[in-house]
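1. Predicted structure and sequence below. I'll ask about it afterward.
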There are 2 protein chains.
Amino acid sequence: MDSQVQPKSSTLADSVFEQIRTAIIRGELPPGSKINEPQLSKQYGISRGPLREAIRRLEGCKLVEVKPNAGAKVVSLNSEQALEIYAIRESLEGLACRLAASQVTAADCARLRALLVNHEQQIQSEHGRMYYQKEGDLDFHYLIVQLSGNTHLFNLLCDELYHLLRLYRVQTSRQPSRPRQAFKEHHQIVDALESADGELAELLMKRHISSARESLINKFNQ
Amino acid sequence: MDSQVQPKSSTLADSVFEQIRTAIIRGELPPGSKINEPQLSKQYGISRGPLREAIRRLEGCKLVEVKPNAGAKVVSLNSEQALEIYAIRESLEGLACRLAASQVTAADCARLRALLVNHEQQIQSEHGRMYYQKEGDLDFHYLIVQLSGNTHLFNLLCDELYHLLRLYRVQTSRQPSRPRQAFKEHHQIVDALESADGELAELLMKRHISSARESLINKFNQ
DNA sequence: TATCAATATATTGTTGACATTTTAGCGTAT
DNA sequence: ATACGCTAAAATGTCAACAATATATTGATA
């Protein structure tokens, strides 16, 4: 009902695309829910034209599914699909680590360490519990993918897969588990990057994500 | 100028999306060329509304780039970007092989062999030269990805990356090189799949694609 | 009461028109 | 001849209205 303030984005379709994507990731548009064009166009204060363009872009990002004459639904991931994406992520982030290892600078590694320290402090101050930033470790993964220097890899992971996984986490309101273990693994990865050991960095990252996947499996096996 | 016959797809946006995508992949809309909305809407006999939706979907597939108030251009890949995609492909198809190895049936392997035999015959009959089907080996890769059982992996490779690579091949009018060597490698991969050796299958596939990438590097280094 | 058909409502698909911005063409001045 | 600014044309962004389809509601019947 309330019309949100649109950013300075030049076209309405682009602006609304990002707004809806944010709404989906935040869970304001729950997985499986129908996308009502008249309602949303009223809500964002635009006509259905640009709105439909935005929906089509979301379809391209796999965040919504469009059926002819039935409209669009926010995609809903089951556990199997989440595991599928984890497998892809494991492969691609391993690749990112291997690539990054061959070109990271000392400054890059320092930034990575800073991220980890910062993240750790936030957790310490909360006595091991997560405080507000449920996805702190994503910064770390983002940066590594960026340091790989592979633009397409970056877009693929950060513009598509991560969003899908966040969607799943919202869906299951899942908290990140085993934070202390994750830190150790993160630091080991930076160690490998610092010594320019691509193979090791790849192995450690794949193992790291594989652990997360295992813990996910355990979660819904009980 | 000539209006094409639209398939039985129910919405114009979906139909035109596929038509334009095909046109791009065939090179009828060359990389870097501008997408003129009035012209295309006339050509396909539709109004600009559904056409723009189709363009937005193409944007999601990374096949076109849209700039505000300047329209859409067919994406143009330089050699670096093609290599980036090859690196991703290497990683993901390796994964596909590992996954496939754990669940392929004898019948699946027979289908793979049949594909290879068929492909080889076509080449034999042309005395080692390619005849019409420049992408015969893609069938093989398609099938393996399908046998991996990972739906998201299939969509990612077959609905996005392969299209992008085809676009690059059209751009450079590149013929597949070293066909005989490729066959040998393909058969070795099926061997590994038959013995359910996931690790080996992954290794062989990654090496196979890496070879293709190397030959690509050599091509534009001279 | 439950089921089915017919109607009514709402939503999606599509179009053409209008506003804004960019691009192309033209003439003038240096 | 080149560069600059102005005008005209074209293309993009947006909207509101119409058509087609699906959904919800009502009423009748078993």
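-> Structure's in. What do you need?
2. who are the neighbours in contact with A:Ala192?
-> A:97, A:101, A:198, A:200-201, A:204 (C-beta atoms under 8 Å, 6 or more residues apart in numbering or on different chains). Heads up, the C-betas are built off the backbone N, CA and C, glycines and all.
3. Please narrow those to those residing in helices.
-> A:97, A:101, A:198, A:200-201, A:204 (DSSP state H).
4. so A:Gln19 touches A:Tyr44, yeah?
-> Yes - using C-beta atoms under 8 Å, A:Gln19 is in contact with A:Tyr44, at 6.6 Å.
5. Tell me who's in contact with the residue in chain A that chain B sits nearest to.
-> Of all residues in chain A, A:Gly60 sits closest to chain B, at 1.3 Å by C-beta to the nearest C-beta. Neighbour list for A:Gly60: B:56-61 [criterion: C-beta under 8 Å, 6+ apart].
6. measure the residue nearest the centre of chain A to A:Glu93 for me?
-> Compute the mean C-alpha point of chain A, and by C-alpha atoms, centre = their mean the closest residue is A:Tyr162, 2.4 Å away. From A:Tyr162 across to A:Glu93, the span is 10 Å (C-beta to C-beta, to the nearest Å).
7. Touching both of those two, which residues are there?
-> Counting by C-beta under 8 Å, 6+ apart, the residues touching both A:Tyr162 and A:Glu93 are A:His141.
8. Quick one: residues contacting the residue located most distally from the centre of chain A.
-> Here chain A reaches farthest from its C-alpha mean at A:Asn69, the gap being 30.8 Å by C-alpha atoms, centre = their mean. Residues in contact with A:Asn69 (C-beta under 8 Å, 6+ apart) are B:10-11.
9. Distance-wise, check it relative to DNA strand D.
-> Distance of A:Asn69 to DNA strand D, computed by C-beta to the nearest atom of the strand, to the nearest Å: 4 Å.
10. Now do the phi/psi pair for that residue.
-> Dihedral pair for A:Asn69: phi 60, psi 10, per degrees, to the nearest 10.
11. How about A:Gln103?
-> phi -150, psi 10.
12. So it versus DNA strand C, what's the distance?
-> 35 Å.
13. shouldn't that residue be in contact with A:Leu147?
-> Yes - between A:Gln103 and A:Leu147 there is a contact at 7.4 Å, judged by C-beta under 8 Å.
14. With neighbour numbers in mind, choose between the two.
-> Each of A:Gln103 and A:Leu147 has its neighbours counted (other C-beta atoms under 10 Å in any protein chain shown); A:Leu147 has more, 22 against 13.
15. Quick check: closest non-adjacent residue to the more buried one.
-> A:Ala100 (4.2 Å; C-beta to C-beta, 6 or more residues apart in numbering or on different chains).
16. what about that neighbour, neighbour count?
-> Using other C-beta under 10 Å, A:Ala100 has 29 neighbouring residues.
17. contacting residues for it?
-> So A:Ala100 contacts A:108, A:144, A:147-149, A:193, A:201 (C-beta under 8 Å, 6+ apart).
18. Considering those residues, which is situated nearest to DNA strand C?
-> Of all the contacts of A:Ala100, DNA strand C sits closest to A:Gly149, with 30.3 Å by C-beta to the nearest atom of the strand.
19. which residues of chain A fall in strands?
-> Applying DSSP state E to chain A gives strands spanning A:34-35, A:64-67, A:71-74.
20. tell me which parts of chain A are close to chain B?
-> Counting by C-beta under 8 Å from any C-beta of the partner chain, the residues of chain A close to chain B are A:9-11, A:13-14, A:49, A:52-54, A:56-62, A:68-69, A:81, A:84-85, A:87-88, A:91-92, A:94-95, A:99, A:150-153, A:155-156.
21. Weed out the non-buried ones from the residues you listed.
-> A:13-14, A:52-54, A:56-62, A:81, A:84-85, A:87-88, A:91-92, A:94-95, A:99, A:150, A:152-153, A:156 (16 or more other C-beta atoms under 10 Å in any protein chain shown).
22. ok, and of those residues, which contact DNA strand D?
-> A:Ala13 (C-beta under 7 Å from any atom of the strand).
23. Select from the buried ones among the residues of chain A next to chain B every entry located in helices.
-> Per DSSP H, those map to helices at A:13-14, A:52-54, A:56-60, A:81, A:84-85, A:87-88, A:91-92, A:94-95, A:99, A:152-153, A:156.
24. restrict the residues you listed to those near DNA strand C?
-> Okay, of those touching DNA strand C (C-beta under 7 Å from any atom of the strand), that's A:Arg52.
25. With adjacent residues omitted, what lies nearest to the residue nearest to the centre of chain A?
-> A:Leu138 (6.7 Å).
26. Number of residues surrounding the one you found?
-> If you count neighbours by other C-beta under 10 Å, A:Leu138 ends up with 15.
27. Ok, A:Ser76 next?
-> 14.
28. Can you read off the backbone torsions of it?
-> Dihedral angles (degrees, to the nearest 10) for A:Ser76: phi -120, psi 120.
29. pLDDT at it, what is it?
-> pLDDT for A:Ser76: 95.
30. gap between it and A:Lys62?
-> Taking C-beta to C-beta, one finds A:Ser76 at 12 Å from A:Lys62.
31. Any figure for the gap between A:Lys219 and A:Ser79?
-> For A:Lys219, the distance to A:Ser79 equals 9 Å [C-beta to C-beta].
32. And for A:Leu29?
-> According to C-beta to C-beta, A:Leu29 stands 21 Å off from A:Ser79.
33. likewise A:Thr11?
-> 37 Å.
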